[in-house]
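Engineer: 3D model of this:
(4 chains)
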There are 2 protein chains.
Amino acid sequence: MQADSTPADRAPTDRTPIELGDVLHDLDRTGHLPLYHQIATRLREAIADGTLPTGSRLENEVALAERIGVSRPTMRRAIQDLVDRGLLVRRRGVGTQVVGARVHRHLELSSLHEDLTRSGHATTTQVLRHELVPASPAVASQLGIAPGAPVLYIRRLRLSDGVPLAVLENHLPPGLSDITPEQLEEQGLYAILRNRGVSMRVARQTIGARAATRDEAPLLGIAAGAPVLTMTRVVFDDSGASVETGSHCYVPDLYTFEITLVER
Amino acid sequence: MQADSTPADRAPTDRTPIELGDVLHDLDRTGHLPLYHQIATRLREAIADGTLPTGSRLENEVALAERIGVSRPTMRRAIQDLVDRGLLVRRRGVGTQVVGARVHRHLELSSLHEDLTRSGHATTTQVLRHELVPASPAVASQLGIAPGAPVLYIRRLRLSDGVPLAVLENHLPPGLSDITPEQLEEQGLYAILRNRGVSMRVARQTIGARAATRDEAPLLGIAAGAPVLTMTRVVFDDSGASVETGSHCYVPDLYTFEITLVER
DNA sequence: TAGTGGTCTAGACCACAGC
DNA sequence: CTGTGGTCTAGACCACTAA
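Structural biologist: Residues are numbered from 1 along each chain as shown, chains lettered A, B, ... in the order given. Reported below is the predicted structural model:
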């Protein structure tokens, strides 16, 4: 009858805030990590390890700021970070409460390769195609270059623990067309780009579904016409220039997208 | 006001910042709308209508704040709002640039019904089922109630301009189980909830794909086994309590999810 | 009424990019 | 070097909630 990870057993009468002096002690004030970031990280850890249980209340932000010796805006920014992630809920006149203790990774600007290795899976990649092609009008428009300009087209099969997971198609603009198949077998595209100093900042994604083509089905080990989950993406860097455009399809039994939305 | 803001010398190059005195004039300082929100809205409009073209630069935030008579943090917060939406890109030591002028709606806490009517489609709903059922362990866990407690189960077919678009299944906790089929035919679930004073704050969504069941296929006008796009969702209110859980499937040719991610 | 978060101000110093 | 955004401070007043 008891499910201790659900909000069901949250005691509405539990009004005493959790003591956070221990969690937030000893911040690094000389290093290069912003204070608000250090505080937010500690709070996230406290929620993850149960120090701040689901439904518990935080001290008010003014007292919290005083306790650890930062200004109120700094403490506020840290708390807001967790609110944006959907871990805390704030109500004026009431206080700040923990929403959920469950593990939840925010959908972020990461690649499939990074997602998999972070979750402890052995990732392998087969480069199916790797060639310079003239940019189609659609690709040229997405990359912000002239149609017909040479772009690097790559097509990869991504496996997790030996099981086919996704077919990844990407187009890269001329400045990045010297990436080699060997690099792509070794690491994810995003790791390669980051190592080259490319700073990816904004990604626009569209998620949908369709039937697997006769070409994709044998690669993914599914029947032709079976459903696949699709994601197309255009990534922009610091200066607003397109860095990469991708069109991927995933085996739906093995991959889903998780998103947390917060009303501000 | 300023000597350097004469319209004559405004050159629309990439280097010279765009004059924003006109866009940001006459803010309402007495009303209930926060200043940063008013500023952010005007900036979004300026990008949408081309006053701030793609690639153009903004004045630096200190000057901008002075020009319209707000503090720097207030102006900064307004600009950050657009950065979070993927409309602006900022680089330390360089400046702030417009990324894209294209129309783009942020994925937000809205319902399918609201999405459709906002984009000008005629929306109709058929209530297929509407009954009190004992909560399964999975639903009970999501809603944070005891297994077996009575929950309202509804199943609807949503049509856009007369074309079947999605099958929507939802479970509602005991406090909301008096919603009637008539209400559900007339308006979206979210509109009903908002009218009842429910404040939805956090939604956790999972997007995937699967084959349509023999049950769903005729409703959606597709073949059994054809791909459908799926979304399951749990919504929480102000206090962190679950408000609703839904399991929807969409015709993939007619519906996709769009998301903008921003690296902070 | 007391306590909470929401907003706003007017400064300060720093890190980084480009000339 | 100058100019930019990134961070941080120490206050202030207000709106809302609950007792």
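Engineer: How about the contacts made by A:G225?
Structural biologist: Contact analysis of A:G225 by CB atoms under 8 Å, 6 or more residues apart in numbering or on different chains lists A:A211, A:A212, A:A217, B:G225. In this view, the C-beta of every residue, glycine as well, is placed from N, C-alpha and C.
Engineer: hmm, 6 Å instead?
Structural biologist: Counting by CB atoms under 6 Å, 6 or more residues apart in numbering or on different chains, A:G225 touches A:A211.
Engineer: Tell me the confidence at it?
Structural biologist: pLDDT for A:G225: 93.
Engineer: Can you tell me which residues in chain A are near DNA strand C?
Structural biologist: Within chain A, the positions near DNA strand C by CB under 7 Å from any atom of the strand are A:32, A:58-63, A:72-73, A:76, A:90-96.
Engineer: tally of neighbours for A:I207?
Structural biologist: Number of residues near A:I207 (other CB atoms under 10 Å in any protein chain shown) recorded here: 24.
Engineer: isn't it right up against B:Y255?
Structural biologist: No - A:I207 is not in contact with B:Y255 according to CB atoms under 6 Å; the separation is 10.3 Å.
Engineer: Can you show me the CA trace of stretch A:45-64 as PDB?
Structural biologist: Coordinates of each C-alpha in stretch A:45-64 appear next as PDB, following Å, rounded to 0.1, in the frame of the first residue of the first chain:
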ATOM      1  CA  GLU A  45      22.200  16.000  -5.700                       C
ATOM      2  CA  ALA A  46      20.300  16.400  -2.400                       C
ATOM      3  CA  ILE A  47      17.000  15.700  -4.300                       C
ATOM      4  CA  ALA A  48      18.600  12.700  -6.000                       C
ATOM      5  CA  ASP A  49      20.000  11.100  -2.900                       C
ATOM      6  CA  GLY A  50      16.900  11.700  -0.800                       C
ATOM      7  CA  THR A  51      18.200  14.400   1.500                       C
ATOM      8  CA  LEU A  52      15.400  16.400   0.100                       C
ATOM      9  CA  PRO A  53      12.500  14.000  -0.200                       C
ATOM     10  CA  THR A  54       9.600  14.400  -2.500                       C
ATOM     11  CA  GLY A  55       7.100  16.900  -1.100                       C
ATOM     12  CA  SER A  56       9.600  18.400   1.400                       C
ATOM     13  CA  ARG A  57       9.800  22.100   1.800                       C
ATOM     14  CA  LEU A  58      12.900  24.300   1.400                       C
ATOM     15  CA  GLU A  59      13.700  27.100   3.700                       C
ATOM     16  CA  ASN A  60      12.700  30.500   2.200                       C
ATOM     17  CA  GLU A  61      15.200  31.900  -0.100                       C
ATOM     18  CA  VAL A  62      16.200  34.900   2.000                       C
ATOM     19  CA  ALA A  63      17.100  32.700   5.000                       C
ATOM     20  CA  LEU A  64      18.900  30.200   2.700                       C
END
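Engineer: Enumerate the residues of the stretch 51-200 of chain A near DNA strand D.
Structural biologist: Where the stretch 51-200 of chain A comes near DNA strand D, counting by CB under 7 Å from any atom of the strand, the residues are A:G69, A:V70, A:S71, A:R72, A:P73, A:T74, A:R77, A:R91, A:R92, A:G93, A:V94.
Engineer: how much space is there between the residue lying closest to the second one once chain neighbours are set aside and A:R77?
Structural biologist: Using CB to CB, 6 or more residues apart in numbering or on different chains and skipping residues adjacent in sequence, the residue nearest A:V70 is A:L35, 5.7 Å away. Separation of A:L35 from A:R77 (CB to CB, to the nearest Å) stands at 9 Å.
Engineer: now swap in A:L128 and tell me
Structural biologist: For A:L128, the distance to A:R77 - CB to CB - is 45 Å.
Engineer: same check, this time on A:R210
Structural biologist: From A:R210 across to A:R77, the span is 42 Å (CB to CB).
Engineer: in chain A, which spans are strands?
Structural biologist: With DSSP state E as the criterion, chain A has strands at A:57-58, A:88-91, A:95-98, A:123-134, A:150-160, A:163-172, A:200-211, A:227-237, A:242-250, A:257-262.
Engineer: B:G197: which of these is closest?
Structural biologist: Closest to B:G197 of the strands of chain A, according to CB to CB: strand A:88-91, at 14.0 Å.
Engineer: strand partners of that closest one, parallel vs antiparallel please.
Structural biologist: The strands beside strand A:88-91 in its sheet (DSSP bridges) come out as strand A:95-98 (antiparallel).
Engineer: Around chain B, pick out the residues from the stretch 151-264 of chain A.
Structural biologist: Contact residues, the stretch 151-264 of chain A versus chain B (CB under 6 Å from any CB of the partner chain): A:201-211, A:227, A:229, A:236, A:238, A:240, A:252, A:256-263.
Engineer: Go ahead and confirm the residue nearest to A:V70 touches A:P73.
Structural biologist: No - between A:L35 and A:P73 there is no contact, the gap being 10.5 Å when judged by CB under 6 Å.
Engineer: Between the two, which is the more surrounded one?
Structural biologist: Neighbours were counted for A:L35 and for A:P73 using other CB under 10 Å; A:L35 has more, 19 against 13.
Engineer: which ones are touching A:T260?
Structural biologist: Residues counted as contacts of A:T260 (CB under 6 Å, 6+ apart) are A:G86, B:R204.
Engineer: partner residues bridging it?
Structural biologist: B:R204.
Engineer: Which pLDDT value goes with it?
Structural biologist: 83.
Engineer: so where's the stretch 151-264 of chain A shaky on pLDDT?
Structural biologist: A:264 (pLDDT under 70).
Engineer: correction: the stretch 1-150 of chain A
Structural biologist: Along the stretch 1-150 of chain A, the model assigns pLDDT under 70 to residues A:1-15, A:21, A:31, A:100-113, A:116.
Engineer: just so I know, which of the strands of chain A lies nearest B:D178?
Structural biologist: Smallest distance to B:D178 across the strands of chain A (CB to CB): 25.3 Å, for strand A:88-91.
Engineer: Please give the centre-to-centre distance between the closest one and its chain.
Structural biologist: 23 Å (CA atoms, centre = their mean, to the nearest Å).
Engineer: buried ones in that strand?
Structural biologist: By neighbour count with 16 or more other CB atoms under 10 Å in any protein chain shown, strand A:88-91 contains the buried residues A:L88, A:V89, A:R90.
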